[in-house]
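S.K.: Here is my input, please return the structure:
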Amino acid sequence: MNHGSSARVRDVLRAWVAQAPAGARLPSSRTLVADLAVSPLTVQAAVRALVAEGLVETRPGVGTFVRATRPHRRADHAWQTAALGAPPAAGVRLPAVQRDPAPGAIALQGGYPTGELLPERLVRAALARASRSPAATARVPAAGLPDLRAWFAADLAGDDPAGPSAHDVVVLPGSQSGLGSVFRAVVRPGAPLLVESPTYWGAVLAAAQAGARLVPVPSGPHGPDPDDVARAFEESGARAFYAQPTYANPTGAQWTPGRARAVHEVVVRYGAFLVEDDWAHDLAIDTCPEPLARHDEDGHVVHLRSLTKSVSPALRVAAVVARGPVRDRLLADHAAQSMYVSGVLQAAALDVVTQPAWRTHLRGLGPALRTRRDLLLAALREHAPQLEVEHVPPGGLGLWARLPDGTDATAFARACESRGVLVGPGDEWFPAEPAAPYVRLTYGGPDVARFGEAARVLGEVLSEGGASG
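M.R.: Just a heads-up that it's a prediction; the model follows:
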């Protein structure tokens, strides 16, 4: 035979396999090279292709054999319905914002910044160094690497000498798992938990899985009214309040200093915990973060701080800062759930945040987010004026936009998705009935050059009335 391509060899072998019984041994590579007049590499590539197709299987040291095929049978999973029973909570399903976009779709629903907003070179170099360090093979302490815990404590304390210490810090595999540990530590199953409304959907999910009973507290662009918080504590008997005082998800709200002090005083008065989720600490645009935990010496504030959004989604590293016995409960729950966080990830995260280039990156991140935010706002004003952004967020990753009254937010999101634009239906951020129809639109995602195109689709869907309730 003359020399041929790998495709020709695959066709020859497929024909041979089709005629051979299951378990038959293919001719040796040497025989195939001689019979087909091709190179050994061509034969190897063809065999690998047949293995990938499931037609043959290789047995090292023995040979390659025709794979036995099973007659197709439709799987029956109906038995699991009875075995599993009813779902443990209504909120256990992932929301629409977690769906992966179809190829070519414009993603305005996600909650993670695109790669160009991240210190990618720093992260890659840090991972390479961490893989060669003792962290690559050693078991780390359950509470986390001491140096990383010290960094989290110092970052929160700022210039306050009475701030938290490394002992108060527990390193977590992302803030979502931290929420579960915090809620299990401070809220008994069936007990009430105050939450802002709207609030982060992941907190609603974590609270449901912990068995907490949610008590919504309305919250606006500058935080909740302290009187509303006090009334909710009084009427519910709750001993914990989950909130995002800095660049709240989804609204982008930031509590004013006066309101933060007043809410903290209410929490102290009722002998309660404030669970402060500082997820967007590094995503400042127009203001500076000022965590409530920074000046809380008596342990009323349990502080969650994540690096996932500012360092890399691949480095699922976060920390909870808690003072007093609650820290020990959190550590015990964390150890029971995941033992400890990968030492490689911790070492890499510490490497990144202690590099001088990290501060340089953060100085450029705010202006980059501002440009994206303002571009999306301008696109909405031009192409979708029916959407009202009631509050321009001073930080974070998204806009909270109100739809016209009577609009079904979920139907609106489906209609937009059918035209290639993904948005986050606002219903998923309300712990109870939505106060009005909203959508969250991310400006930190990968499609900044297509904001105008996306806004046109949003405006067209609203104009056509295809999403009316």
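
S.K.: which secondary structure elements does the host helix or strand of residue 328 contact?
M.R.: Applying DSSP states H and E as the criterion places residue 328 in helix 325-338. Other elements packing on helix 325-338 under the criterion 3 or more CB pairs under 8 Å, 6 or more residues apart in numbering; DSSP states H and E are strand 169-172, helix 175-186. In short, each C-beta sits where N, CA and C put it, glycine included.

S.K.: between that helix and helix 175-186, how many degrees?
M.R.: 130 degrees (axes from the mean of the first three to the mean of the last three CA atoms, to 10 degrees).

S.K.: and the end-to-end length of stretch 193-211?
M.R.: Between the start and the finish of stretch 193-211 there is a gap of 10 Å, counting by CA to CA, to the nearest Å.

S.K.: any weak-confidence spans in the stretch 201-350 of the chain?
M.R.: Low-confidence segments of the stretch 201-350 of the chain (pLDDT under 70): none present.

S.K.: residue ranges of the helices in it, please?
M.R.: 201-210, 226-236, 257-269, 325-338, 343-353 (DSSP state H, counting those that start in this stretch).

S.K.: Can I get the ones you listed in a markdown table including mean neighbour count?
M.R.: Output for the helices of the stretch 201-350 of the chain, formatted as a markdown table (neighbours: other CB atoms under 10 Å):
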| stretch | mean neighbour count |
| --- | --- |
| helix 201-210 | 23 |
| helix 226-236 | 17 |
| helix 257-269 | 17 |
| helix 325-338 | 17 |
| helix 343-353 | 24 |
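
S.K.: Go ahead and measure how far the helix holding residue 328 is from the middle of the chain.
M.R.: Helix 325-338 sits 22 Å away from the centroid of its parent chain (CA atoms, centre = their mean, to the nearest Å).

S.K.: That helix vs helix 201-210, what angle?
M.R.: 90 degrees.

S.K.: Could you shift the numbering so residue one becomes 24, and keep it that way?
M.R.: Sounds good: first residue 24 from here, last item helix 348-361.

S.K.: Return the most buried member of the helices and strands packed on helix 348-361.
M.R.: strand 192-195 (a mean of 28; mean count of other CB atoms under 10 Å).

S.K.: how far off helix 366-376 does the longest helix along the chain point, in degrees?
M.R.: What stands out as the longest helix in the chain, according to DSSP state H, is helix 379-406. Computed by the same axes, to 10 degrees, the angle separating helix 379-406 from helix 366-376 equals 80 degrees.

S.K.: pLDDT averaged over helix 379-406, what's the number?
M.R.: Helix 379-406 carries an average pLDDT of 96.

S.K.: try stretch 66-82
M.R.: 86.

S.K.: From the chain's centroid, how far away is it?
M.R.: That offset, for stretch 66-82, works out to 38 Å (CA atoms, centre = their mean).

S.K.: And for that stretch, what's in contact with it?
M.R.: 29, 32-33, 36-37, 40, 49, 52, 55-56, 59, 87-90 (CB atoms under 8 Å, 6 or more residues apart in numbering).

S.K.: same check, this time on stretch 446-458
M.R.: Counting by CB under 8 Å, 6+ apart, 118-120, 131-132, 218, 220-224, 227, 237, 239, 241, 272-273, 421, 423, 426, 432-433, 435-436, 439-440, 460-465, 481 sit against stretch 446-458.

S.K.: And stretch 146-163, by the same measure?
M.R.: 168, 334-335, 337-338, 363-372, 374-375, 378.

S.K.: Out of the helices of the stretch 224-373 of the chain, flag the one nearest residue 83.
M.R.: helix 366-376 (30.7 Å; CB to CB).

S.K.: Residue 80: what secondary structure?
M.R.: strand (DSSP: H, G, I helix; E, B strand; the rest coil).

S.K.: if I look at it, how far off is residue 343?
M.R.: 49 Å (CB to CB, to the nearest Å).

S.K.: Neighbour count: these two, which is higher?
M.R.: residue 343 (27 against 14; other CB atoms under 10 Å).

S.K.: can you map out the strands along the stretch 374-492 of the chain?
M.R.: With DSSP state E, counting those that start in this stretch, the ranges of strands along the stretch 374-492 of the chain come out as 411-412, 421-425, 444-445, 447-448, 461-465.

S.K.: could these be laid out in CSV, adding mean pLDDT, mean neighbour count and distance to residue 260?
M.R.: Rendered in CSV, the data for those read as follows (pLDDT from 0 to 100; neighbours: other CB atoms under 10 Å; distance: least, CB to CB, whole Å):
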stretch, mean pLDDT, mean neighbour count, distance to residue 260
strand 411-412, 95, 16, 37
strand 421-425, 96, 24, 31
strand 444-445, 94, 24, 40
strand 447-448, 94, 26, 33
strand 461-465, 96, 27, 30
